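> the sequence isn't on hand, but the structure is:
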């Protein structure tokens, strides 16, 4: 039986991976960040020595895109330094690693979906920090490392675009959303199932893309959410991304090719609109519960 050490089990993705582990017959450990600081290699090494996992699933990361522009060293501590610790511990103990990365390693200038071998050129410090994490993992652990690049992640837990738009929709609030950035929303539950499938089938190591099937703009996604929640989609104003004056540049186009994944024999990938519809009631329930607290 696989023994899985889950890092970052309380976030958008990690909470869904943890739910999959709890629901299945898995031997796992999911320490809280207060119990294990993965930036401390000694602490990580001790956890691994005691538990003796054969897989480490790393969902922990610095995800504040704009914050990375001004706190780059702090972002690097998690997105590169902690990944180095994971890789070195895994190398010493012959542990396989699944690490989550991002579409932000690309500059968004492509007109076709990015495959795993596409040229990387991050536009912002967050993307740079994630790319540096990818490189250090593959340098230290070339045989036993799996990097899963994803995009536009949302879920029931944590702060994310879908929850924000759903909150606005049930309040019949107006929203200004960019219509010149294109990609694919990714349901964290689908990605969690994909991660588990890697531990079960052990495909060829390396980089894999995983997002839901299809594409849209952020504006399209927001309108879809409003419609599903019986709110007026005309409450959403389409704007140009430059009008937001954000600290970090975002890629205009970040569609990921899933050809490699689909040929790997791993689980199927749901279409994004269907997947959003399937989980939106739970997101709505989470929002309403949070408002009552």
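Yes, it's here. Fair warning: this is a prediction, and the values are worked out from it, not measured in the lab.

> please enumerate the strands of the chain.
3-7, 27-29, 55-58, 96-102, 145-150, 153-154, 175-178, 182-183, 186-187, 206-209, 216-217, 236-239 (DSSP state E).

> for those strands, give me TSV that also has distance to residue 20 and mean neighbour count.
Backbone N, C-alpha and C define where each C-beta goes, glycine included. Output for the strands of the chain, formatted as TSV (distance: least, Cβ to Cβ, whole Å; neighbours: other Cβ atoms under 10 Å):
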stretch	distance to residue 20	mean neighbour count
strand 3-7	10	23
strand 27-29	10	17
strand 55-58	10	26
strand 96-102	13	24
strand 145-150	14	23
strand 153-154	16	25
strand 175-178	31	18
strand 182-183	24	21
strand 186-187	13	25
strand 206-209	18	20
strand 216-217	26	19
strand 236-239	33	17
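
> redo these as a markdown table? Include distance to residue 40 and mean pLDDT.
Output for the strands of the chain, formatted as a markdown table (distance: least, Cβ to Cβ, whole Å; pLDDT from 0 to 100):
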| stretch | distance to residue 40 | mean pLDDT |
| --- | --- | --- |
| strand 3-7 | 12 | 97 |
| strand 27-29 | 17 | 96 |
| strand 55-58 | 15 | 98 |
| strand 96-102 | 18 | 98 |
| strand 145-150 | 21 | 98 |
| strand 153-154 | 26 | 98 |
| strand 175-178 | 39 | 96 |
| strand 182-183 | 35 | 97 |
| strand 186-187 | 30 | 98 |
| strand 206-209 | 27 | 98 |
| strand 216-217 | 41 | 98 |
| strand 236-239 | 43 | 97 |
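
> closest one to residue 265 among those strands?
Proximity to residue 265 (Cβ to Cβ) singles out strand 206-209 among the strands of the chain, at 12.0 Å.

> returning to what we had before: and the strands of the chain: which comes nearest residue 250?
strand 175-178 (8.3 Å).

> relative to that closest one, what are the paired strands and their orientations?
According to DSSP bridges, strand 175-178 forms sheet pairs with strand 236-239 (parallel).

> contact partners of the partner strand?
Contact with strand 236-239 is made by 174, 175, 176, 177, 178, 179, 219, 222, 223, 226, as judged by Cβ atoms under 8 Å, 6 or more residues apart in numbering.

> low pLDDT regions in the stretch 151-293 of the chain?
291-293 (pLDDT under 70).

> burial count for residue 71?
14 (other Cβ atoms under 10 Å).

> re earlier: and of the strands of the chain, who's closest to residue 37?
Residue 37 lies closest to strand 3-7 among the strands of the chain, at 10.4 Å (Cβ to Cβ).

> by contact count, what packs against that closest one?
Counting by 3 or more Cβ pairs under 8 Å, 6 or more residues apart in numbering; DSSP states H and E, the packing neighbours recorded for strand 3-7 are helix 12-23, strand 27-29, helix 41-51, strand 55-58.

> and residue 82, what's its pLDDT?
Here, the pLDDT recorded for residue 82 equals 98.

> how deep is the residue nearest to it when sequence neighbours are not counted tucked in, by neighbour count?
Spatial nearest neighbour of residue 82, excluding adjacent residues (Cβ to Cβ, 6 or more residues apart in numbering): residue 38 at 4.3 Å. Per other Cβ under 10 Å, the neighbour tally for residue 38 reads 23.

> show me what contacts residue 94?
Residues near residue 94 by Cβ under 8 Å, 6+ apart: 54, 144.

> so it versus residue 264, what's the distance?
Counting by Cβ to Cβ, to the nearest Å, the separation of residue 94 from residue 264 is 23 Å.

> these two touch, right, residue 136 and residue 83?
Yes - using Cβ atoms under 8 Å, residue 136 makes contact with residue 83 at a distance of 5.6 Å.

> quick one: which of the two has more around it?
Higher neighbour count among residue 136 and residue 83: residue 83, with 30 against 20, using other Cβ under 10 Å.

> circling back to that earlier point, and the helices and strands packed on strand 3-7, which is most packed in?
Counting by mean count of other Cβ atoms under 10 Å, strand 55-58 has the highest mean neighbour count of those, with a mean of 26.

> paired strands for it, with orientation please.
strand 3-7 (parallel), strand 96-102 (parallel).

> I'd like these laid out as JSON lines, including distance to residue 109.
As requested, the strands paired with strand 55-58 are exported to JSON lines (distance: least, Cβ to Cβ, whole Å):
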{"stretch": "strand 3-7", "distance to residue 109": "33"}
{"stretch": "strand 96-102", "distance to residue 109": "16"}
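
> nearest to residue 290, of those strands?
Comparing these by Cβ to Cβ, strand 3-7 comes nearest, at 23.9 Å.
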